[in-house]
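[1] Predicted model and sequence follow; I will ask about them next.
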Amino acid sequence: SSDVCSSDLGNESLPESVRFDAWRSLYMGSKYRSVKIEGGFARATDKCSTTLFPFLNAFFAHGGKNAMDPEYREEWTTVGGETPLLVLAGTEDKFAPFKTNGELYKSLSPETVTLVKIEGAGHMLNYEAPQLLAKEMKSWLGDTLSDCERRIVGATKVRFHVESNGGTMVGYRVDPSTGPSTTVLVGFPGGQEAVDSLSEIAHAVAAEGLSFIAMAYPGAYNHYFAEGSLPSFSTMTETADAYFGPVVHKLRAEGSLQVVGVGFALGNRFVRLAEASSDLFDAVIVASAGDQFAGFAAGSPEAIWQRS
């Protein structure tokens, strides 16, 4: 109600129901203040100092300066500008106001931050709108994560930005136990295979003392191509430059002395496009190579075997 005073929250002489209304007024938005909270006031106001104080120590780091000060805020909010970040923000949040928090997050890293406005919600989104949040999370994850990029255990995710179209190619790097080698093998999987199909070969190559990066094919799922559409190329050189140029050039800039393209099955034909451009891979390796593919040429691999 309009006569609820937030200061009533700390007044232990008042009935619990009054204090709970004060808590709701302070922490919840107008649209969700009537939402039932299991456990009531006791649960809503329960505190855990074990986690609170270490967090505060981190929050007020940098010689006692608030990490939300402009001098330090960016390092807290952009996640390096690399990792996709979904920001769910209530329009009536009194502790993290929408304009000075949600909108600022988006402005600091517009390419990686997705901002979702929760109308009429306050600071306790987990209590106020759990079903709505769950739907937003699932929808965003469906748009953001792809089976094409399934993580390789023990690998480091690496990104190769493409200035010409604003996209990003993604790979998973496995280095030898002694550290990165100056020779790097860049592998592309076969047709319709996810990047984690190269997990075994990536670790086997690293065991031999060479670094291996298993690449996910770029496409609409990672916004590599403008407006999510696949490109058309007039020459093999254009194709090679578009797919391999960003990877090779970045690796060389980072100190790799030899960059080797490796293709498997249908991926081998893809990697061989690099032969059309002399300033890309230093060498090319193909496995299960062929210029005719049974499934395409005769309907099925069995048909080719029966003919031969």
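    Perfect, I can see it now.
[2] tell me which element the nearest residue to residue 93 once chain neighbours are set aside is part of?
    With Cβ to Cβ, 6 or more residues apart in numbering as the criterion, residue 93 has its nearest non-adjacent residue at 4.8 Å, and that residue is residue 123. Backbone N, C-alpha and C define where each C-beta goes, glycine included. Here residue 123 sits in a region with no helix or strand, counting by DSSP states H and E.
[3] Residue 123 and residue 168, how far apart?
    With distances defined as Cβ to Cβ, to the nearest Å, the gap from residue 123 to residue 168 amounts to 33 Å.
[4] Residue 209 too?
    Applying Cβ to Cβ, one obtains 29 Å for the distance of residue 209 from residue 168.
[5] Just give me the neighbour total for the residue nearest to residue 93.
    Counted with other Cβ atoms under 10 Å, the burial measure for residue 123 works out to 19 neighbours.
[6] let's have the chain start at 11 instead
    Renumbered: residue one is now 11, and that last one reads residue 133.
[7] My read is that it contacts residue 34, right?
    No: applying Cβ atoms under 8 Å as the test, residue 133 and residue 34 come out as separate, 11.0 Å apart.
[8] In the stretch 11-160 of the chain, where is pLDDT below threshold?
    Low-confidence regions of the stretch 11-160 of the chain, defined by pLDDT under 70, span residues 11-14, 16, 61-63, 65-92, 157-159.
[9] swap the cut-off to 50 and go again
    Low-confidence segments of the stretch 11-160 of the chain, defined by pLDDT under 50, are located at 11-12.
[10] now the helices for it?
    Secondary structure of the stretch 11-160 of the chain by DSSP state H, counting those that start in this stretch: the helices cover 26-37, 50-54, 59-69, 71-74, 80-87, 112-118, 135-138, 140-154.
[11] Pick out whichever of residue 219 and residue 178 has more residues nearby.
    Set residue 219 next to residue 178 and count neighbours by other Cβ under 10 Å: residue 178 wins out with 17 against 12.
[12] Wait, a strand at that one?
    Yes: Residue 178 forms part of a strand when assessed by DSSP: H, G, I helix; E, B strand; the rest coil.
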